[in-house]
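# below: sequence and its predicted model.
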Amino acid sequence: MIFEITSTLVKELREKTGAGMMSCKKALQETDGNFEEAIKTLRQKGLASADKKSSRKAIEGIINSYIHTGRKIGVLLELNCETDFVARREEFKELANNLAMQIAASPQVIYISFEEIPKEIFELEKEIELNKEDLKSKPSDIKEKITLGRVEKTLKALSLLNQQFIRNPNITVDELIKEQIALFGENIKIKRFIRYTLGDE
């Protein structure tokens, strides 16, 4: 018996996942109409293509504000996606709020990604590490390797995408974004953010 894929079911899956109508229909056909399995199928396919989508233009989206309990820390965040359809979804708004909470909870974070960190900061950290006492007696190649490892660790602490996600420490913020790209079927990018702390200059 072939399960009949109704337009209502396809529409419901699209609303749940944000994936295209044809992708939803195909996923339901592949899973004999099993709604939960169809979501998993779309998610797996999306994860596999998330990196491809990351080069696509994302100029829609929202600006989200978050004020932390006690009203002494506030965050403004611009989160971009490809279409207004995704920008209006509650799940997208929830993602923006979770990211703003992450920024509020991570006072050391200054940059969105590791790649954004200026070269001069990298060079400064490298010089600091190279001159540490515990490295002075090491061979130059070992010294270089240890230094680069330490610098990378230090600088990743400044990058939002490299942080463990506060609501699920098993994944990084970067992995969270990729999961959402898979869910929505669109590129998602953190465009910019600013953190306000009461009393800061």
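That came in fine, so what should we check first?
# quick check, Asp200 in a helix?
No. Looking at Asp200 with DSSP: H, G, I helix; E, B strand; the rest coil, it is coil, so not inside a helix.
# Ile188 and Lys126, how far apart?
Note on Ile188: its distance to Lys126, by Cβ to Cβ, to the nearest Å, is 32 Å. Yep, even glycine has a C-beta here, placed from its N, CA and C like the rest.
# quick check: closest non-adjacent residue to the residue nearest to the spatial centre of the chain.
Centroid check for the chain by Cα atoms, centre = their mean gives Ile177 as the closest residue, at 2.8 Å. Leaving out its chain neighbours, the residue that sits closest to Ile177 by Cβ to Cβ, 6 or more residues apart in numbering is Ile188, at 5.7 Å.
# dump the residue contacts of Gln29.
Ile5 (Cβ atoms under 8 Å, 6 or more residues apart in numbering).
# are we agreed that it is in a helix?
Yes. Under three-state DSSP, Gln29 sits within a helix.
# could you list the buried residues of stretch 155-173?
Using 16 or more other Cβ atoms under 10 Å as the test for burial, stretch 155-173 gives Leu155, Lys156, Leu158, Ser159, Leu160, Leu161, Asn162, Gln163, Phe165, Thr172, Val173.
# again with stretch 126-136
So for stretch 126-136, counting by 16+ other Cβ under 10 Å, buried means Lys126, Glu129.
# who touches that stretch?
Lys143, Ile146, Thr147, Leu148, Arg150, Val151.
# including neighbour count and distance to Lys25, could the residues you listed go into a markdown table?
Below are the contacts of stretch 126-136 laid out as a markdown table (neighbours: other Cβ atoms under 10 Å; distance: Cβ to Cβ, whole Å):
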| residue | neighbour count | distance to Lys25 |
| --- | --- | --- |
| Lys143 | 16 | 58 |
| Ile146 | 16 | 54 |
| Thr147 | 20 | 54 |
| Leu148 | 13 | 49 |
| Arg150 | 17 | 51 |
| Val151 | 20 | 49 |
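# least confident pick among those residues?
Ranked by pLDDT, these bottom out at Lys143 (81).
# the chain: helices as residue ranges?
In the chain, the helices defined using DSSP state H lie at 7-17, 21-30, 35-53, 84-87, 90-104, 119-130, 140-156, 173-184.
# centre of the chain to the fifth one, how far?
This means helix 90-104. Relative to its parent chain, helix 90-104 has a centroid offset of 10 Å by Cα atoms, centre = their mean, to the nearest Å.
# helices and strands around that helix, which ones?
strand 60-67, strand 73-81, helix 173-184, strand 189-197 (3 or more Cβ pairs under 8 Å, 6 or more residues apart in numbering; DSSP states H and E).
# equivalent analysis for the first one, please.
Contact analysis of helix 7-17 by 3+ Cβ pairs under 8 Å, 6+ apart lists helix 21-30, helix 35-53 as its packing neighbours.
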